[in-house]
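*Asks:* Model the following, please.
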Amino acid sequence: MATALVHFAMRHRYNLHIKGEVSRALLANLEEYQKAWCKWMPKHYAEIAITADSEIDTSFPGESSIAGERKTLLAYSGGVDANFTLLRHFHDRAGRQRQNIKAAALVNGFDIPLKQQNLFAEALSLSREMLKPFGLPLAIIETNWKTTVCTFWEMEFSAAFAACFSQFAPDYPIALMAAGEDYALKAIPWGSNPITNPLLSARDWRFATDGNGFTRCEKAEFIVEYPEVKDKLRVCWMGPMNGLTGENCCRCEKCIRTKMNFLSVGSSPGKSLSKPHRAADVIFMNVRSRIKLSLLQEILDTARAHGVRGAWVRDLRLGVFLSRISIFANSFYSPVKKLFERIIRRIARLKS
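*Replies:* Residues are numbered from 1 along each chain as shown. Take a look at the predicted model:
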């Protein structure tokens, strides 16, 4: 009955109560189901509450009967997504989807190259410091997978994380990885998505993705409530990839975008992102993918909804405009370039 009526209730903004017994696992899944449809079609659906006279602890095949019952390992990087997942589950703010996070894992060889051991040591020290108040042990996984096996990182990274974490299956039957984008921004194909990630699970081990129902700005607004975490975020990849620094550079696209996530909800970015940046860093970010462009547009939309104004908003608006032009132009340039390359190769073959 709950499944049959969920779309009707979301469309008409009715809370739904079932007179009788309903599986707790089903109710948890319907919470996530609603978030997906509300991101995909926000003009048509709204999240509603679904309750029942009695929630029974039955389970689907391969699932824990009660959310939070099985020990969970968290993929931890020290960034916005991972800390949002940690905070909402640790502080019991994930509803029926709450997982019992008992340990975290940090991979050496993914965002920080293996050769940059000094930078990984800094990231490791910061991660341990951030996890200490939660009483979570931190496992270290070192792998050369990215440089020896990987051919297309953007499409393959979830499989790499699943392979790393599955070795902990006997003690931690669930591995939890934070989502990078919300349902509305999901690009298929992409390495991490709620469709294929569950297929990386085994019979007695589950690879789960958390936070698909929240935008990055919503995650930032959540983290604002925990300044001890906000002030220690590690989000930069440009510096470590170039061996520059283990701190946030506050100049690359990722750093600036994260700063603006916090600014868009009326908060300061925090100590970890306090370094100044130039207006030109925002205006000429020149993002090349539609996903990143959508993430920047999300910031503008969030700032407008929160009544936030400032020079950075004007700079970002111009930057988004320039990036749109760049992406549009590239959509014509790339096919034309490929056409000319084919013509040149054909002429070369004819001459030979």
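*Asks:* Just give the number of residues close to residue 52.
*Replies:* When neighbours are counted by other C-beta atoms under 10 Å, residue 52 registers 19. C-betas here are computed from N, CA, C, even on glycine.
*Asks:* was I right about it contacting residue 26?
*Replies:* No - contact status for residue 52 versus residue 26: not in contact, 9.6 Å apart, counting by C-beta atoms under 8 Å.
*Asks:* Could you tell me which residues touch both of these two?
*Replies:* Counting by C-beta atoms under 8 Å, 6 or more residues apart in numbering, the contacts common to residue 52 and residue 26 are residue 2.
*Asks:* mind listing what's buried in stretch 231-238?
*Replies:* Within stretch 231-238, the residues that count as buried by 16 or more other C-beta atoms under 10 Å are 232, 233, 234, 235, 236, 237.
*Asks:* er, stretch 119-130 I mean
*Replies:* Residues of stretch 119-130 classed as buried: 119, 120, 122, 123, 124, 126, 127, 130 (neighbour count, 16+ other C-beta under 10 Å).
*Asks:* And the residues you listed, which is closest to residue 35?
*Replies:* residue 130 (26.6 Å; C-beta to C-beta).
*Asks:* Leaving out sequence neighbours, find the closest residue to that closest one.
*Replies:* Leaving out its chain neighbours, the residue that sits closest to residue 130 by C-beta to C-beta, 6 or more residues apart in numbering is residue 232, at 5.3 Å.
*Asks:* my guess is the one you found contacts residue 274, does it?
*Replies:* No - between residue 232 and residue 274 there is no contact under C-beta under 8 Å: 11.9 Å.
*Asks:* which neighbours do the two share?
*Replies:* Counting by C-beta under 8 Å, 6+ apart, no residue touches both residue 232 and residue 274.
*Asks:* Sticking with residue 213, tell me its helix or strand.
*Replies:* Using DSSP states H and E, residue 213 maps to neither a helix nor a strand.
*Asks:* for it, what are its contacts?
*Replies:* The neighbours of residue 213, taking C-beta under 8 Å, 6+ apart as the test, are 32, 35, 36, 38, 39, 182, 183.
*Asks:* Give me the subset of the residues you listed that lies in helices.
*Replies:* Members of the contacts of residue 213 lying in helices (criterion: DSSP state H): 32, 35, 36, 38, 39.
*Asks:* can you list these in TSV and add neighbour count and pLDDT?
*Replies:* Output for these, formatted as TSV (neighbours: other C-beta atoms under 10 Å; pLDDT from 0 to 100):
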residue	neighbour count	pLDDT
32	17	87
35	18	90
36	17	84
38	18	90
39	19	88
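*Asks:* any idea which of those residues is closest to residue 106?
*Replies:* residue 32 (26.3 Å).
*Asks:* Got the confidence number for the residue nearest to residue 130?
*Replies:* For residue 232, the pLDDT comes out at 95.
*Asks:* Now it: phi and psi?
*Replies:* Reported as degrees, to the nearest 10, the phi and psi values for residue 232 are phi -130, psi 10.
*Asks:* now the closest residue to residue 182 other than its chain neighbours: how far from residue 185?
*Replies:* Nearest non-adjacent residue to residue 182, counting by C-beta to C-beta, 6+ apart: residue 215, 4.9 Å away. Per C-beta to C-beta, to the nearest Å, residue 215 is found 8 Å from residue 185.
*Asks:* Could you name every residue contacting both of the two?
*Replies:* Common contacts of residue 215 and residue 185 (C-beta under 8 Å, 6+ apart): residue 298.
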